[in-house]
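> prediction below, plus the sequence it came from.
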2 protein chains.
Amino acid sequence: MKGDGTMTNEQIQKMIADVHAALDAAGRPMVAFAGDARIESGASLNRYFDHTLLKPEATADQYETLCDQARQYETRSVCVPPDRVPLCVSRLAGSTVEVCTVIGFPLGYHSTGAKVAEVRHTLGEGATEFDMVIPVGRLRDGDPGAVYDDVRAVVDAAEGRIVKVILEMVLLSEAERVAAAVAAVRAGAAILKTSTGFASGGATVEDLAILRLVAGADRGVKAAGGIRTLEFARACIDAGADRLGASATVSILGEAAGANAQSDSEGGGY
Amino acid sequence: MKGDGTMTNEQIQKMIADVHAALDAAGRPMVAFAGDARIESGASLNRYFDHTLLKPEATADQYETLCDQARQYETRSVCVPPDRVPLCVSRLAGSTVEVCTVIGFPLGYHSTGAKVAEVRHTLGEGATEFDMVIPVGRLRDGDPGAVYDDVRAVVDAAEGRIVKVILEMVLLSEAERVAAAVAAVRAGAAILKTSTGFASGGATVEDLAILRLVAGADRGVKAAGGIRTLEFARACIDAGADRLGASATVSILGEAAGANAQSDSEGGGY
């Protein structure tokens, strides 16, 4: 079924219900979600962006630049490695920019205990959002309960902060994508995220549509991986994304500003 | 200096001494290393191999096959994700094969606390070797002390088991490669390892020569990343590798057996 993309919405809805029922029967209840992780109505483009730098070789001065750009453009967050959280929290003090870090990134097969330790440590240092990767291989063993348990432990450790759950959809069949997303939502995910940006493929409009169906009215969807142009950013938003993870934030927002300016000078709407 | 490879052994030795002196002055003493992590004299080719499967999407049956191959060929270890340690410990019970897992893999920028938690957790589950990744970015900030502190915490948590320290050399300049290796040795690394296999390049003969110089008489060197042929495996061993990390273990050992058989039939030595 991998990548065939031929399922109708009704088929996907049926599959979603089946996974919910199976997890319920397996003793994995729906975790109550009190928040609202959707993008606010009428938000400007910059507020969709998790401004991201996750290259292992990036140096402190690059993180300082990232933070300064995020402050200037008022992005939603910076998304940075755990060991850069203190630097970014300090650099962004007094701004509205969240400091998001990554958990079990990018391969997802860390033990749950190590993921929980990472959340606790970086939460204590001031991180306010967490993007975690699911245990992809164990999902593919046919065990969405393993995903649920892993996500739930991280959600509990995050003490009410936003946890985005990265499904790395390029590695999954369509049925596995649905199973992973449902397990994540039941376990308390605030936001379902398509990709790490480190696998062979990133966000697709088709994947975002599936995630929007699973996420329902109050959970969010984040597109990440390969968002380099305004056109694709807008396509992701149109497909239901509440967040965009990108390194090319400044370039994309610059492109949008140029498009707006041109549109203004032509007297047209945007 | 990156990738120029023009340093003489004398220049490298001078650089090694300088980094040792700088770390000593910065209050990072040499951790005593009681063991011997070199390959034993006359070891057969199979004993060099850490038989490796680290794809995030790999399923339980693939790890069972990996373990069965490791047992059959008597490799030194299997190298597997943290969340596959219980499966592999169970599958390899009664064999001579070590169960090695990866820490802070593959990007290295996890917090030290999360790395330590991962070691403790997997040690408790029966892992006997640990391949950790250094915080590459903080090394590149010009802070080999950050590498020392990170490695030392992991070595302490490993309670005497072998810790291999992955330097991801393709991301480093020649001076950074030396600094990283010296920091790792001082902090108690048993084995210096070239690469994760997830970056843009893997082991090179030139890198192995540098690591052999830093490792000295009792620490080992591990080549990993891109070892797919008998010819390259032998080149790595000739350059000083005590361990080879590879997914292509069975193919390489098969190639060696074929070469031996042909050599025998020709009456030649091997």
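That came through, no problem.
> what about the residue nearest to A:G202 when sequence neighbours are not counted, how many residues nearby?
Sequence neighbours aside, A:G225 is the residue nearest to A:G202 in space, at 2.0 Å (criterion: C-beta to C-beta, 6 or more residues apart in numbering or on different chains). (C-beta placed from N, C-alpha, C; glycine too.) By the criterion of other C-beta atoms under 10 Å in any protein chain shown, A:G225 has 23 neighbours.
> please tell me how far A:G225 sits from chain B.
14 Å (C-beta to the nearest C-beta, to the nearest Å).
> before we move on, what about A:R120?
For A:R120 relative to chain B (C-beta to the nearest C-beta), the value is 8 Å.
> ok so, going back, ok, the residue nearest to A:G202 touching A:S195?
Yes. A:G225 lies in contact with A:S195 (C-beta atoms under 8 Å); the separation is 3.5 Å.
> so, low pLDDT: which residues of chain A?
For chain A, the stretches flagged by pLDDT under 70 are A:1-5, A:263-270.
> count of neighbours near A:A26?
11.
> same check, this time on the one 4 residues further on
Using other C-beta under 10 Å as the criterion, A:M30 is surrounded by 13 other residues.
> circling back to that earlier point, wait, what's in contact with the residue nearest to A:G202?
A:194-197, A:199, A:201-203, A:245 (C-beta atoms under 8 Å, 6 or more residues apart in numbering or on different chains).
> ok, stretch A:178-193 near chain B or not?
No. Contact of stretch A:178-193 with chain B (C-beta under 8 Å from any C-beta of the partner chain) is absent, the minimum separation being 11.8 Å.
> mind checking how far the nearest residue to A:R140 once chain neighbours are set aside is from B:T194?
Closest residue to A:R140 apart from its sequence neighbours, by C-beta to C-beta, 6+ apart: B:T59 at 5.0 Å. Distance, B:T59 to B:T194, using C-beta to C-beta, to the nearest Å: 28 Å.
> could you check which helix or strand contains A:A32?
Under the criterion of DSSP states H and E, A:A32 resides outside all helices and strands.
> returning to that earlier point: show me which of B:T59 and B:T194 is the more surrounded one.
Applying other C-beta under 10 Å to B:T59 and B:T194 shows that B:T194 carries more neighbours, namely 30 against 18.
> touching, that one and B:V205? I think so.
No. Taking C-beta under 8 Å as the definition, B:T194 is not a contact partner of B:V205, at 10.3 Å.
> spell out which residues of chain A are next to chain B.
A:54-60, A:81-85, A:105-118, A:121-122, A:133, A:135-138, A:140-141, A:168, A:171-172, A:198-199.
> which neighbours do A:G225 and A:S195 have in common?
A:201-203.
> redo those residues as TSV? Include neighbour count and secondary structure.
Converted to TSV, those look like this (neighbours: other C-beta atoms under 10 Å in any protein chain shown; DSSP: H, G, I helix; E, B strand; the rest coil):
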residue	neighbour count	secondary structure
A:G201	16	coil
A:G202	23	coil
A:A203	29	coil
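> in contact with the residue most central in space within chain A: list those residues for me.
Centroid-nearest residue in chain A, with C-alpha atoms, centre = their mean: A:K193, separated by 3.4 Å. For A:K193, the contacting residues are A:131, A:164-167, A:221-224, A:243, A:245, by C-beta under 8 Å, 6+ apart.
> great, nothing more from me.
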